[in-house]
Each structure stands twice: as C-alpha cells, then as structure tokens.
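*Asks:* take a look and give me a structure for this.
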Amino acid sequence: MGEMPRFMHGVCLCVGYDGTDFHGWQAQPGLRTVQGMIEKAIDAMGVAHGAVRGCSRTDAGVHAFGQIASFAAEIEVPPEGWVSGLNSRLPDDIVVHDARPCYRRYNPRFHAAHKHYRYLVRCGQQRDPLIRREAWQLGPKGMRPDLGSWDRGVSVEDYLDVDAIRAAAAQFVGEHDFHAFRQAADAREVVVRRMFEVSVHTPWLDRPDLLAFDVVGNSFMKNMVRIMVGTLVDVGRRRIDPASIPAMLRPDADRAEAGQTAPAHGLSLMRIELARFDGPGDAFDRATKGDPPQPPQNVRPTPPVK
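*Replies:* Residues are numbered from 1 along each chain as shown. You can find the predicted model right below:
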C-alpha cells in the first residue's frame, strides 16, 4: 500500500475581511494578502497544513463578509477550535465566522452555484470620512447636469438619475456575453455569464445619500462587477443611454463601449452559495447573515473558467 497523505483533515472556513490594507486575496511574495495572513495564523497554531484555497480571488481593496476557503491539515481540530484559534491570531481586519470539516481535497472555487456582491455609492456635497473605506463617494462634480446649483444636493436622486439606472440594470439580468465588462488583461475564452439579479436600492440603511447595487451571478470575471457599476453610474450621470446596454452585451462589443471601472473599495463579497459541499451535514450555506436573492431552483454548479 502507498504512503498515507500527510494532510488528511479538510477544513472549510467562512471568512470576512476589510480589504483596504490587503493586496487582494491571493498570496503574493512580500505583500500583505488575506490568504497569506490566514496561512500565518494556522502556522501560529502549530498545525501543519496545505495551501488555503479561496472560492473568490478578490482584488486589492475589495471587502468580504462571506468568503469561503478550504485547506487540509495534518491533525484534526474541532470546528470551534479553528474559529477561536484563528481569530485569536488573525489581525483585526480579518475574522473567521464559521468552520466545518470537509474532504481534504475539497476546493470551493469549483462548486459555487452563485456569488452575491454588493457595491455602495455615497453622494454628497462633502465627503463622509466614516464611510470612506466602504463606499465610492461622488461629490458635486458628479451631479446630474440638469440639476443646476450643486448646493442643492442632499440625496442620491439629486446626483444620479436612479430610474435610468434601474432600467439599465434590469438589462444585465439573464445569460449574456460580458467580455466588454472585464479587465483587458483577462484573457479567458469563455465570457458568457448568467446574472440572477442586478438590483438598485436607495435610500440604503435609511440614508438618502447611499445607493446600493446587489449583483448576484453564477460567475464573474476580473473587475466585472466594478465595470458594471461604473457603467450604471455613467447611466445615472446621463453619459450613457440605458438603451445602449444590450449593444454592450453583444459578442462583438468592445471594452471601450462600457463605462468606467468603479473603485475597488466600494465592493464587498457578501455571500457564496455552494452547489456542492464535500463533507458531513448540509451545504455550507451559513456563509452570511441575511437572506440575499436566490437563483432559480434548477441552477447547476458552474466551474470557474481558467
């Protein structure tokens, strides 16, 4: 018989983090990353382990409440031991919400049924320093050209045409070619994605100056949500006609036809719904608090495109 693998005990984590001071999720030599900090915390527990695999490779500055990650360890630790042990060794801008046992080779990246992202925009005459890490702030220069005096702006509607934004957002729903909504360096050949919901909410948290975009889809390319939001903001500024969105979703569309790329810090990964969880019990569906929009019941897992 062959030698037993060293790392026999699989662990699946639900992780949240403030992405402001991270160079993204993925470990990079000499840079502070979320994956790197979690692996250091496991090392500090004195447990030998394999690489930590994240379901979503969030970019620098992007936040998460419900990131899912997995790794294999040499020894078995109870779930509550992983939660308390890691949280006592992680910095204040990362938290482990939950832990579950899973098979040692389980990789959540290949089993996401859908992901839920939220993007926050704040409109106001002056910046709000208390929300600067989590919202894209639009000042007087971003106001609707038909408004007139900049000192009248007190709500999102004073800055953006929200009805036009909603009309444009509805056209993203469904299965489309999103290659015009990805970073130019993203060379993936398969560019068709299915959006289950692209919704617009204002006021948000009882604040008339906040606008929230909820984007739920089966898979996303690099900067895709940020370009979608940037395009919708340009629609709200009346720089782009909502009727032009279908043309941007054609296979022959060009990146230049879509709008700007919204800043990273307004984006948060809220929840990942796993289509398959290789371990005891139910699917790891306690990734976040709250109840985000659900896709149709017949959704099949979509493996990521390499």
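*Asks:* C-alpha from now on. contacts and neighbour counts both.
*Replies:* Fine.
*Asks:* strands of the protein, residue ranges please.
*Replies:* 9-17, 53-54, 63-73, 94-102, 112-123, 136-138, 174-177, 192-201, 210-217, 267-274 (DSSP state E).
*Asks:* quick one: closest of those to residue 23.
*Replies:* strand 63-73 (11.2 Å; Cα to Cα).
*Asks:* counting contacts, what elements does that closest one pack onto?
*Replies:* Other elements packing on strand 63-73 under the criterion 3 or more Cα pairs under 8 Å, 6 or more residues apart in numbering; DSSP states H and E are strand 9-17, strand 53-54, strand 267-274.
*Asks:* pLDDT below threshold where in the stretch 151-300 of the chain?
*Replies:* 151-153, 276-300 (pLDDT under 70).
*Asks:* if we go to 90?
*Replies:* Applying pLDDT under 90 to the stretch 151-300 of the chain picks out residues 151-155, 158, 183-189, 274-300.
*Asks:* about what we covered before: got JSON lines for the strands of the chain, with mean neighbour count too?
*Replies:* Shown next, in JSON lines, are the strands of the chain (neighbours: other Cα atoms under 10 Å):
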{"stretch": "strand 9-17", "mean neighbour count": "24"}
{"stretch": "strand 53-54", "mean neighbour count": "22"}
{"stretch": "strand 63-73", "mean neighbour count": "26"}
{"stretch": "strand 94-102", "mean neighbour count": "21"}
{"stretch": "strand 112-123", "mean neighbour count": "24"}
{"stretch": "strand 136-138", "mean neighbour count": "22"}
{"stretch": "strand 174-177", "mean neighbour count": "16"}
{"stretch": "strand 192-201", "mean neighbour count": "20"}
{"stretch": "strand 210-217", "mean neighbour count": "24"}
{"stretch": "strand 267-274", "mean neighbour count": "26"}
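*Asks:* got CSV for these, with distance to residue 235 too?
*Replies:* Converted to CSV, those look like this (distance: least, Cα to Cα, whole Å):
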stretch, distance to residue 235
strand 9-17, 31
strand 53-54, 33
strand 63-73, 25
strand 94-102, 35
strand 112-123, 14
strand 136-138, 14
strand 174-177, 19
strand 192-201, 13
strand 210-217, 14
strand 267-274, 19
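*Asks:* which one, of those, ends up nearest to residue 27?
*Replies:* Comparison of the strands of the chain against residue 27 by Cα to Cα identifies strand 53-54 as nearest, at 10.1 Å.
*Asks:* what's in contact with the closest one?
*Replies:* 25, 26, 35, 67, 68, 69, 70, 71, 107, 108, 109 (Cα atoms under 8 Å, 6 or more residues apart in numbering).
*Asks:* if we can go back for a sec, got the helices and strands packed on strand 63-73 as JSON lines, with distance to residue 175 columns?
*Replies:* Shown next, in JSON lines, are the helices and strands packed on strand 63-73 (distance: least, Cα to Cα, whole Å):
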{"stretch": "strand 9-17", "distance to residue 175": "28"}
{"stretch": "strand 53-54", "distance to residue 175": "25"}
{"stretch": "strand 267-274", "distance to residue 175": "19"}
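*Asks:* residue 258: which of the ones you listed is closest?
*Replies:* strand 267-274 (18.5 Å).
*Asks:* show me what the closest one is packed against.
*Replies:* strand 63-73, strand 112-123.
*Asks:* tell me how far it lies from the chain's centre.
*Replies:* 5 Å (Cα atoms, centre = their mean, to the nearest Å).
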